[in-house]
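My questions concern the predicted model and sequence given below.
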Amino acid sequence: MAVRPYIVGNWKMHGTRSMLSEARAIDRAAERLIKVEVALAPPFTLIHATRKEAGLIGVGAQDCHAAEGGAHTGDISAAMLKDAGAGFVIVGHSERRADHGETDADVKAKAESALAVGLSVIVCVGETEEQRDAGKAESVVARQLKGSLPTADGAAEKVTVAYEPVWAIGTGRTPTTDDVSAMHRAIRKVLKDFYGEEAGAKVRILYGGSVKAENAAELLGADDVGGALVGGASLTAESFLGIIAVAA
Ligand code: PEP
């Protein structure tokens, strides 16, 4: 397990202000947070309130637009996220890639715009079941990384990669520890080729996909897993803190 695992909750399109009590409860588990870096990515509408209610944990967003501003009805820029209190943004989640047709180039542009205003980024990659069955999981993920990772000066220091096999998201299914280890080793190699040996070695690689307290030890124990990106199990303090307790 990583020295200080990074456990990030992605609330997706869940949460009204009544859910801020969950964020508060997560934040109050302060003594456990010393050993674990914890963050939440609530919907846009809760970023500001979550930042105010939860002072210890990281707060971020689930997406941003690549442009600085302009005629993009319904979209949110990286600068707006920062202004609302976000410290990071998730880009390239498979639900964005699938539901909104986001390409690697789109993801890279979003990541660059986030870095430009001082946000950190979590770049998501992952293969579909069909691609894994065809033996293409590592090549697909390598291609996504090369197309999606930002290249601005110092980018590697602000980037986290989340490996999320699409078929494991919200399904209760997870890869074997060996498969997670193999993929994380492959991702590390791409990162070192891409950012250079030293910078590429420092980028954190999270695993995401049906992580819960019951399987967290196994998944976090796979090679080069620096933490977890958690969807469903981050929606209540009880289930999220169960994962954090395993990571601590
Ligand atoms: C996610 O969507 O990032 C995710 C990992 O979801 P879940 O934990 O629900 O599989």
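Looks like it came in fine.

residues in contact with the residue nearest the centre of the chain?
The centre of the chain sits closest to I122, judged by C-alpha atoms, centre = their mean, with a distance of 4.5 Å. Each residue near I122 by C-beta atoms under 8 Å, 6 or more residues apart in numbering is listed here: V8, G60, F88, V89, I90, V91, V159, T160, V161, A162, L206, L229. C-beta: built from backbone N, CA, C; applies to glycine.

Turn the residues you listed into CSV, columns for neighbour count and pLDDT.
Below are these laid out as CSV (neighbours: other C-beta atoms under 10 Å; pLDDT from 0 to 100):
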residue, neighbour count, pLDDT
V8, 24, 98
G60, 27, 98
F88, 22, 98
V89, 26, 98
I90, 25, 98
V91, 31, 98
V159, 26, 98
T160, 21, 98
V161, 27, 98
A162, 28, 98
L206, 25, 98
L229, 27, 98
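
from those, which is closest to T16?
G60 (18.7 Å; C-beta to C-beta).

Now do the residue lying closest to that closest one once chain neighbours are set aside against the ligand, distance only.
Distances taken as C-beta to C-beta, 6 or more residues apart in numbering place F88 nearest to G60, at 3.7 Å, with adjacent residues excluded. F88 sits 14 Å away from the ligand, going by C-beta to the nearest ligand atom, to the nearest Å.

Please name the bridge partners of F88.
Beta-bridge partners of F88, counted by DSSP bridges, are G60, S120.

Would you agree it is in contact with Q62?
No. In this structure, F88 is not within contact of Q62 by C-beta atoms under 8 Å, at 10.4 Å.

Verify the contact between A39 and V8 for me.
Yes. Look at A39 against V8 with C-beta under 8 Å: they come within range, at 4.6 Å.

residues bridging contact with those two, i.e. touching both?
Here A39 and V8 have G58, G60 as joint contacts, going by C-beta under 8 Å, 6+ apart.

Tell me which helix or strand R32 sits in.
According to DSSP states H and E, R32 maps onto helix 30-33.
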